Every structure is written in C-alpha cells, then in structure tokens.
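Student: next come a sequence and a model predicted from it.
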Amino acid sequence: MSTEAAFGLSGSNMPPPIERGRDEELIAIRDLKVHFDLGGGTIWDKMVGGSPVRRIVKAVDGVTIDIYPGETLGLVGESGCGKSTLGRALVRLTEPTGGSVLYKGQDLAKLSQRQMRQHRRHLQMIFQDPYASLNPRMTVGQIIGEPLDTFKLARGREAEQRVQQLMETVGLSKRFIKRYPHEFSGGQRQRIGIARALAVDPDFIVADEPISALDVSIQAQIMNLMEKLRREKNLTYLFISHDLRAIRHVSDRVAVMYLGKLVEVADAKVIYDEPLMPYTKALISAVPVPDPEIESTRQRIVLQGDVPSPINPPSGCRFHTRCPFVIEACKEIVPPLAEIKPNHFAACIRISPEQPHIEDVAPGDAPGLRDAERVIAS
Amino acid sequence: MSRNGNLLEVRDLRTYFETDDGTVKAVDGITFDLKRGETLGIVGESGSGKSVTNLSIIRLIPEPPGKIVSGEIIFNGQDIMALPSDEVRRIRGKRIAMIFQDPMTSLNPFMRISRQLMEITELHLGHSRDQAYEHAIKMLETVGIPDARSRVDSYPHEFSGGMRQRVMIAMALSCEPELLIADEPTTALDVTIQAQILELIRKLKEDTGTSVILITHDLGVVAGMTDHIIVMYAGKVFEQSPTRELFALPGNPYTKGLLRSVPDPAHEEGTELYQIPGLPPDVAHLPPGCPFAPRCYRAEEICKREYPPFVQLTSEHFSLCHFAEEVYANSHEERRERDRIKAESASVESE
C-alpha cells in the first residue's frame, strides 16, 4: 500500500478546480511526476565504490494545475527546478513517470506514441536554443513545411503558399525561403521555430525559454510577436522562463516552481505585487530593477546558500534549507498547495487564509498545519 | 603618477580583427576615464565590442587575427600599450584582474582550487607554499565559501556555478588589484545567486576600494551597481553619462530604445513592449554614416550619409548623435510629464 493510500490522502492535497465562471480548462495536469533513476544503492555499487544510496532525480514531483484556453501561463523557477522537464512532459518529449495530462478528456500520459502523434497537431513546442532546434541541413521552407507534410495538411503549391504566409506572419521575408538556418540571426531563427509551430494551427504551445538566448532588443520583438499571434489565432501558451521581468509582462497567471513542485500560483500582477511565499519574495527581490533611484534604496532579500540538488531533495518543504522563516515542522511536512487568498495558491504550512502574511505569524506557529499531510521519510 | 585622480584613461582605442569576411572593427575609437574607487558600467548587445574593449585593456587580444591598431591605455599614469609583454604580465592578475562570464572556462578543470589560487600569489606576491595556502583559504572565506578549509582542495566541478563564480572572484582579488574587470559575471547564474554575487562585489568594493568595470547587457544590474555608464554599439561609444542621469534623461535614441524595451512593472498591463526594429549590426559591413541609422526612430538623410558628432550635453554626459540635444530635451520633457502625473496622483490620494 503506498504511503498516500495508507493515509487516505491520494486526492486530498490537490487544489480544487478554480471556479471562475470560465470555460473549462484546456489542459488539466494532475499529480504529474517525472523521475529519472540514476541507479546506485545496490550491493554491486557499494562494492565498486559507486553511490551507496539509490539516486533518483525527482525533476517533476507531483504537479497539479489547470491551463485555461486563451491564457498565457507563466512557469518560472531557477535552474534545476524542473520547469523545462514539465514542459517537455506535457508534449511527451520526455516520458512522465506518474500522474496524468488531460487534454480534451484524453490522458496524454497514457497514450501510445502512435496515438500521441495525432495530438501533436494541437500541442506544439518552441525551444530555447534557436541554434540547436533547427535542422541545419534543411532550408527554412523545408523546416516550416515539414509539419504540413507530416500531418498531410497541404501539398505542393498549396503547401508552399502556406509556408510563405507563415513566414510573413512571423515577420520573415519570403525571399529567405530557400536559405539555411546558419544564414540567420538568433532572433530570426526563433521566428522560424515559431512559424514551424504555427504551421499545424495548434491550440496550445509550450514555449521553453523562447527569449533567453536573444539580445534585449530582439527579446521585445519576439514577445510582442507571440502576444500578437496569441490574440489572432486564439492560442494558449505555457511560457517557461527564469526571466521574471519577461514572465510578468507576457503572463496572465504565473506558477512558481522549486525543486519539482509548484510553490505559488496566482495572477501575474498579484504574484509580483503581493507574493506570499518566502521563495517567491526572494526571487522577485533578486531581480535588479533598471532604475538607479529604486535600486539604491530598496531592501533586497538575499538568500543564503545554493539551490539544493534535485537528487534526493530536502525532506518536508523543499525550501526549508534556505528559508528565513523555517521551523522544525517545515523539515517533516510536505506543504500542499492551498488557496490562501481567492485564486492565490501557496505551499507553506506557516500561512493560512486567516493569516496570509508570513511576517505577521507568531514565531514557531504554523496556522496552515491542519491542512498538511505528514510524510514518512522514505 | 596618475593624472587628476584617474586610475584608467582609455584614449581612442581601436581593435580590429582580420577575417575572411573583411576587417571587423570590433572596437572603433573608444575613449573613457575611470576614477579610483568608481564603478563603470559598459552596456551593449552582441557585436557592440564591450568584451573586446576589456580584453584590449589587459592585452589579451589574440594576434592574429586581432590587433590593437591604435590608442592609449593609461593605467595609473603608465601607457600599457607601450609596455613590453613581460611588464604587462606583471600588471595582469596583480594590479588589474578580470572575472569572466563562464567560470568553468576560466578555471582549470584539472587543477585543485587551492593550486589555482596559490599560483597567483606565489607568482605575483612571492608567497611561499604555506603562505599561499593560508592566503587561499582566507580568500575563499572572504567570498563566502562555507567550510573553506575543507573545500579548498576540491576541483572546480565539485562546486556549483555560483560557488565557482565566487572562486573566480577570490582569484581575481587575491592580490588586491586596483582595477577589477567583470565581464558579464552573473549572466550564467540563477537570479537568486546573481543577487548574492552582486552583493559580494558591492561589499568587497567598499572594503578594499577597488575600481570596477562591469560589463553587462542587463540594465537592472548596471542601475544598482555603477556610478557611470557607457553604452556601446557597433564598436563605438554611443552615450556616456553618470548612471542616474542616463536612466532619467537619456540623450541617445539607442539608449532610449534599450530602456523602453525592458519590461517595466510600471507599464500598463498588456501593452506592447517598445521594440527596436531590425537586427544587431554586422560589424564587418557597416553602412556609411551612423551605424544605428537603419534601426533608429529619429534617423534622417544626414544620419545615413554623415558620421554623427560626439555631442557634449552636460559636463559628464555625451551622446553620439546628430540630434543629441533634441533627444535630450525630449527626455527632459518626458520627465516633467512623469513628475506632473506623479504629483497629480499624489494630491488625488491625499484628498
């Protein structure tokens, strides 16, 4: 019997679907897990001086969230938090090891690769590295046209026209249709990647750090382009980035991830103006503001220590090793993502809807405790 | 020795690279001063020449294909360009130190950290092995490496990115240099680690009085760390100003464009970001006239024909532009407008 089942807890620590009078969610992610087994811990390992402990990278460790049609959900976190892995797991470029990804009623995590291929028409991806994600031996026209061929959406003259249209849509001149990727700049290559993703008229696009590799002035161009396309084509984005300023600008809602788990979810403005989680506060505080007046006077929260490794992460609340508000209970209990304010979720046992501000909570007190589960160290 | 308190004076520096594609004028006539104890920010995008400028200052330009074609680099009253290379080597690492962007490429993966730190002080300060070892531990403690004594003999790969950057800073500061050049020191790091590293640099600057040149593309970083800024584009200085003034009253269309393309929380929600149209310049094939003309909102015929003048706007504020004064005057207007709006909303609130 699994630990969760023994405690009768398998469903209870998930946030209820958000009642907002909106359309139904487009994608429902339920307790998604992506674990990578690095081995170790066997007698053989101990003999040859390998790792004495089984090492599992819990890259994504139980993520539950809905994504609504037409929105841009920003997913933010630092390196190793699992955000890229989460994005890839949604489109099955990386295999989930647990949980489900429901798209229009179908659980994508359970489909065979063949069945999944049908759905790839609706779920596309834009990658971070515009240099690595385009086949250097294919022309731009071939790259953008390939999905049309794969899904039998257009052929010959019609396909060529469609490719030209797509190039115009993303701001690339049709003249370049026979050029190769290396003849373009980073920003232009990113546009090619976007055109390719749009070729099949998808509903949903996972954008994995789409602007990180680009110069500042080009970042603005690409963000504007993505926003324009979203409105015109009714797209839904999962926008993954570590750049908090960009995320704030493009997102409707923001989810903050730390070591494989979501720690805070709220509307974009709310997360930046009124963050609840100590980690979110530190993250926002760490972003330098391009205004010397503000920079010289503001109080920064500087976290001590490094981000722990996702291999055998800290017990209880993953953030407890760096949290300025840590108490003993934080080391033992995994906090669930609870609705602290309307549509504002945070995973921390020290706050509750009655006491949402951690600075005001009495030392040693944990008002959110009654909602939390107790986890046996395994 | 040093003239009017200037630690470093760079005069008309030109560094060119010969490539198959033609001569790349990576740095094409840069002039600036750095006073003792000051922090200068150099801001620019790809191809601006900011990194080449700094490599030129410590004469780390590979020849061929590069060459410092002309210019003076006067450090503490001495022209580094005129010194023989063994003299330069005595300055490099000891009096001028550099931190690079990617700590993994400047730390030797085959050598223990202790050895890499000891190398520097044995060479430059004449330390014995024991002296150098103790000094290495002290430096690691100064930069905030926990358990320095037990970790000093580790290899670089046993540290995280943020820790490695701290090790680099420890190496750079080992000999208490007069000038620290930091080339994108935090770009490769997570934002919370970036905050730690910047805090560290700030503190060390206060404690030791080192002058710093900070190269970055991140306007937020320069806003908080620098006294003066130069904005580079296509190998030239486009604007030069004290930090506060640059952000409040930019005098160059490129600077304005950069400032406006950074997402600002104060912006209206959902509005389009200002974007500088076009692409970064191809420094091997620059058009005649102003290199920014193809992308500039203010450009006119004269900009495409004639190279712009370096206009003095105030005693310390310069801008390379045919319309510098007009742009500067517009910035004043915009600030008056902003202040007016702020005053209005403040009075509405108090009613």
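Tutor: Cool, got the structure.

Student: switch to C-alpha atoms for all contacts and neighbour counts from now on
Tutor: OK.

Student: ok, now which ones touch A:Ala255?
Tutor: Contacts for A:Ala255 (Cα atoms under 8 Å, 6 or more residues apart in numbering or on different chains) come out as A:Leu73, A:Gly74, A:Leu75, A:Val76, A:Leu262, A:Val263, A:Glu264, A:Val265, A:Ala266.

Student: residue numbers of the stretch 101-250 of chain B in contact with chain A?
Tutor: Remark: the part of the stretch 101-250 of chain B in contact with chain A comprises B:160, B:162, B:190-196, B:217, B:219-224, B:243-244, B:247, using Cα under 8 Å from any Cα of the partner chain.

Student: re earlier: can you tell me which of the contacts of A:Ala255 lies nearest to A:Ala329?
Tutor: Distance ranking of those against A:Ala329, using Cα to Cα, places A:Val263 first at 17.0 Å.

Student: so the closest one is in contact with A:Pro275, correct?
Tutor: No: applying Cα atoms under 8 Å as the test, A:Val263 and A:Pro275 come out as separate, 10.9 Å apart.

Student: next, count neighbours for whatever residue of chain B ends up closest to chain A.
Tutor: The nearest approach of chain B to chain A comes at B:Gly220, 3.7 Å away (Cα to the nearest Cα). Other residues lying near B:Gly220 total 18 when counted by other Cα atoms under 10 Å in any protein chain shown.

Student: what ranges do the strands span in the stretch 1-150 of chain A?
Tutor: Per DSSP state E, counting those that start in this stretch, the stretch 1-150 of chain A carries strands over the ranges A:27-37, A:56-67, A:72-76, A:98-103, A:106-107, A:123-126.

Student: closest one to A:Thr297 among the ones you listed?
Tutor: With Cα to Cα as the criterion, A:Thr297 lies closest to strand A:72-76 of those, at 26.2 Å.

Student: counting contacts, what elements does the closest one pack onto?
Tutor: Other elements packing on strand A:72-76 under the criterion 3 or more Cα pairs under 8 Å, 6 or more residues apart in numbering or on different chains; DSSP states H and E are strand A:236-241, helix A:244-250, strand A:253-258.

Student: centre of the chain to the second one, how far?
Tutor: In this view, helix A:244-250 has its centroid 14 Å away from the chain centroid, taken as Cα atoms, centre = their mean, to the nearest Å.

Student: average model confidence for that helix?
Tutor: On average, the pLDDT along helix A:244-250 is 87.

Student: for B:Leu214, give the beta-bridge partners.
Tutor: When assigned by DSSP bridges, B:Leu214 has beta-bridge partners B:Gly41, B:Ala182.

Student: contact partners for it?
Tutor: Applying Cα under 8 Å, 6+ apart, we find B:Leu214 in contact with B:Thr39, B:Leu40, B:Gly41, B:Ile42, B:Ile181, B:Ala182, B:Asp183, B:Glu184, B:Val222, B:Thr226.

Student: same deal with A:Gln164?
Tutor: Residues near A:Gln164 by Cα under 8 Å, 6+ apart: A:Lys174, A:Ile177.

Student: count the neighbours of residue 62 for me.
Tutor: Chain wasn't specified; assuming chain A. A:Gly62 has 18 neighbouring residues, counting by other Cα under 10 Å.

Student: chain B was what I was after
Tutor: For B:Pro62, using other Cα under 10 Å, the count is 12.
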